[in-house]
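Q: sequence and predicted structure, then a few things I'm wondering about:
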Amino acid sequence: MAVRFLANSPNVIHETIEGEVILIDLKSGTYYSLREVGAAAWQAMEGGAAEDEIVAALEPRYDAPSAEIREAVRRLVDELEREGLVRPADGDTDRPEKRVVLDSIGAGRLPFAPPVLEKHTDMQDLILLDPVHEVDVRGWPHPADADETRA
Amino acid sequence: VSHAAPARPTQAPALDGLHDDFERAARAAGGTTDVSLTIAARPVCLRFACPAAAAALGRAFAHLAAAHHAAPSLTLHVWDSATAGADRPAFAPPRGADAEAAPQGTGASYFHSGGAYRALHQPASDALSVLSAKGDAGWFWTADATDLPYWDYTAPFRHLLSWWLDARGCHHVHGGAVGTTEGGVLLAGSGGSGKSTAALASLLDERLRYAGDDYVAVSTEGQPFVHSLYCSGKVHREDVHRLPHLRPALHATRADEKAVFYVAALPGRSIAGFPLRAIVLPRVTDRPTARVRRSTQAAALAALAPSTIFQLHPPAREALSHLADVARTVPAFFLELGADVATIPAELVRLLEQVG
């Protein structure tokens, strides 16, 4: 069964810039970056690709055996899910196979290196020291039983 | 500065009581102290209920003072209880158990967004910020305007201004900025990266002017444009001797606080804004002198976005895409800071000539 993954919005926001992906977890304050193979895999995932389809999208682009690419993609997807950055998409698991075409890189193949999810935790102190509690309409402000989660 | 009877702004009924509290405080103090400013190219009026609050919280905007006749885009009503002798507004929550001052940050905050207003209460500084849904009127009350921590009084009304700016295609950004009327740079990075040192050391060179060391506004419609918000600057006390040119701008602070400067005290050295030409990421290094090196758009976005997003209340999720647009439009550079801060401005001037 092909499981597709989506960015775990609304807690996770992301932007791709100059081929690098910046992801921010608004709840924890942790932010991440993905480059090269990781950014290409993210692009495929965002395009709606399941794990097999991400592998199929990367194979023509990188100079590496299929098994190595498959293993790297599996590890990346596991890590993204473990970090709470993606979640399985609901439904449509029996849809036809999706072919994702990545941005062209011209002729030839790129050298392959397993993707690295770079993790930055320097904002976490800010979240811990200065949390923002959203309070509801039962009365502004209503700190006594405010939701402890950050928006 | 003028003393005039306050005009009642149009507002949602739920805000009537809060505005009545402001008016009572102003009457008791003998009339408001009104300060006209131009912020992000728009007329803004700060109405202080008493002169002590105006002195404490108006100083950071001294470089933006302007006489104008158009109706203000924003009118902020500002008062406190200690200096105005006013009661605590009923709108503010009672002083609670979580009012302990946070040693390093602003502490927990409580935010509510309703039909008629957005409101934020920060128990550590006991500060209440309320902006009308229309965004043309705001209220800021605190227990004692002369006793706010330095990070508050050097950047007053930060949350009110960020909400107001957001609705006008302009965004509150965590970064410093220096430049000329032709163009300037945004200095991005987390605390300790050297933003303030780079921004304040730039004043060693007569060609560069100061738009801020920690927070500025950036309009993102068309060519990005930096708007100065505050003329204040802050450095660790042990670094003050490296910035002797700023001595006339030094403000008296408590021994446990950073040293604070108000650059408006240096005639002609602050600037209201400029077109953004580059994003510069300062880094403290062990080099003897400063050096500029090329960086990447992604590094610029990573330096700007997380700290901007998490310093705003509530976290400004949409800032990521706005800042990505800015980072895609102008080039990014590292500024390696050396032991000799006097070498910083020449590097920035050279960079501006190169990208201008």
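A: Nice, I can see it.
Q: let's verify A:Asp125: helix, strand, or coil?
A: Under the three-state scheme (DSSP: H, G, I helix; E, B strand; the rest coil), A:Asp125 adopts helix.
Q: how many residues are close by it?
A: A:Asp125 is flanked by 12 other residues according to other Cβ atoms under 10 Å in any protein chain shown. The C-beta positions use only the backbone N, C-alpha and C, and glycine is treated the same way.
Q: same deal with B:Ala342?
A: Other residues lying near B:Ala342 total 15 when counted by other Cβ under 10 Å.
Q: which residues does it contact?
A: Contacts were defined as Cβ atoms under 8 Å, 6 or more residues apart in numbering or on different chains; by that measure B:Ala342 touches B:201, B:204.
Q: roughly how far does it sit from chain A?
A: When distances are taken as Cβ to the nearest Cβ, to the nearest Å, B:Ala342 and chain A turn out to be 29 Å apart.
Q: now do B:Thr75
A: 21 Å.
Q: partners of that residue in the sheet?
A: B:Cys45, B:Ala137 (DSSP bridges).
Q: now swap in the one 5 residues further on and tell me
A: Partner residues in beta bridges with B:Asp80: B:Thr142, with DSSP bridges as the criterion.
Q: so it makes contact with B:Ala143?
A: Yes: B:Asp80 is within contact range of B:Ala143, at 6.4 Å (criterion: Cβ atoms under 8 Å).
Q: between these two, tell me which one has more neighbours.
A: More crowded of B:Asp80 and B:Ala143, by other Cβ under 10 Å: B:Asp80, with 28 against 17.
Q: quick one, what contacts that one?
A: Residues in contact with B:Asp80, defined by Cβ under 8 Å, 6+ apart, are B:49-50, B:52-53, B:86, B:141-146.
Q: show me what counts as buried in the top helix by length along chain A.
A: If each helix of chain A is counted by residues according to DSSP state H, the longest one is helix A:66-82. Neighbour-count burial for helix A:66-82, counted by 16 or more other Cβ atoms under 10 Å in any protein chain shown, picks out A:69-70, A:72-73, A:76-77, A:79-80.
Q: so for it, mean pLDDT?
A: Taken as a whole, helix A:66-82 has a mean pLDDT of 97.
Q: and stretch B:91-102, by the same measure?
A: Mean per-residue pLDDT for stretch B:91-102: 65.
Q: same check on stretch B:303-316?
A: When pLDDT is averaged along stretch B:303-316, the result is 90.
Q: residues in contact with that stretch?
A: Applying Cβ under 8 Å, 6+ apart, the contact partners of stretch B:303-316 are A:15, A:22, A:24, A:26, A:29, A:31, A:120, A:123, A:126-127, A:132, A:134, A:150-151, B:109, B:111, B:120, B:159, B:162, B:166, B:171-175, B:186, B:188-191, B:193, B:279, B:281, B:317, B:319-320, B:323-324, B:326-327.
Q: could you redo the last one with a cut-off of 7 Å?
A: A:22, A:24, A:26, A:29, A:31, A:123, A:126-127, A:132, A:134, A:150-151, B:109, B:111, B:120, B:159, B:162, B:172-175, B:188-190, B:279, B:281, B:317, B:319-320, B:323, B:327 (Cβ atoms under 7 Å, 6 or more residues apart in numbering or on different chains).
Q: try stretch B:195-209
A: By Cβ under 7 Å, 6+ apart, the residues outside stretch B:195-209 that reach it are B:175-176, B:178-180, B:187, B:189, B:210, B:212-214, B:233-235, B:239, B:243, B:245-246, B:261, B:263, B:266, B:269-271, B:282, B:335, B:337, B:341-342, B:344-346, B:348-349.
Q: likewise stretch A:9-23?
A: Around stretch A:9-23, the neighbours that count as contacts under Cβ under 7 Å, 6+ apart are A:7, A:24-27, A:31-35, A:39, A:42-43, A:85, B:296-298, B:301-302, B:305, B:317, B:320-321, B:324, B:327-328.
Q: and that stretch, what's buried?
A: The neighbour-count check on stretch A:9-23 (16+ other Cβ under 10 Å) flags A:11-17, A:20-23 as buried.
Q: just to revisit the earlier point, would you mind checking the contacts of B:Asp80 for buried ones?
A: In terms of neighbour count (16+ other Cβ under 10 Å), the buried residues within the contacts of B:Asp80 are B:49-50, B:52-53, B:86, B:141-145.
Q: from the residues you listed, which land in strands?
A: Taking DSSP state E, the ones among the buried ones among the contacts of B:Asp80 that sit in strands are B:141-142.
Q: and B:Ser132, how many neighbours?
A: Around B:Ser132 sit 22 other residues, with neighbours defined as other Cβ under 10 Å.
Q: surely it and B:Leu18 touch.
A: No: because the distance of 10.3 Å does not satisfy Cβ atoms under 7 Å, B:Ser132 is recorded as not touching B:Leu18.
Q: low-scoring stretches of chain A, by residue?
A: Scanning chain A with the threshold set as pLDDT under 70 gives A:1, A:91-98, A:104-105, A:136-151.
Q: and B:Ala201, helix, strand or coil?
A: Of the three states, B:Ala201 takes helix according to three-state DSSP.
Q: partners of the helix or strand following the longest helix of chain A in the sheet?
A: Going down the chain from helix A:66-82, the next helix or strand is strand A:86-88, by DSSP states H and E. In the sheet, strand A:86-88 lines up against strand A:5-7 (antiparallel) (DSSP bridges).
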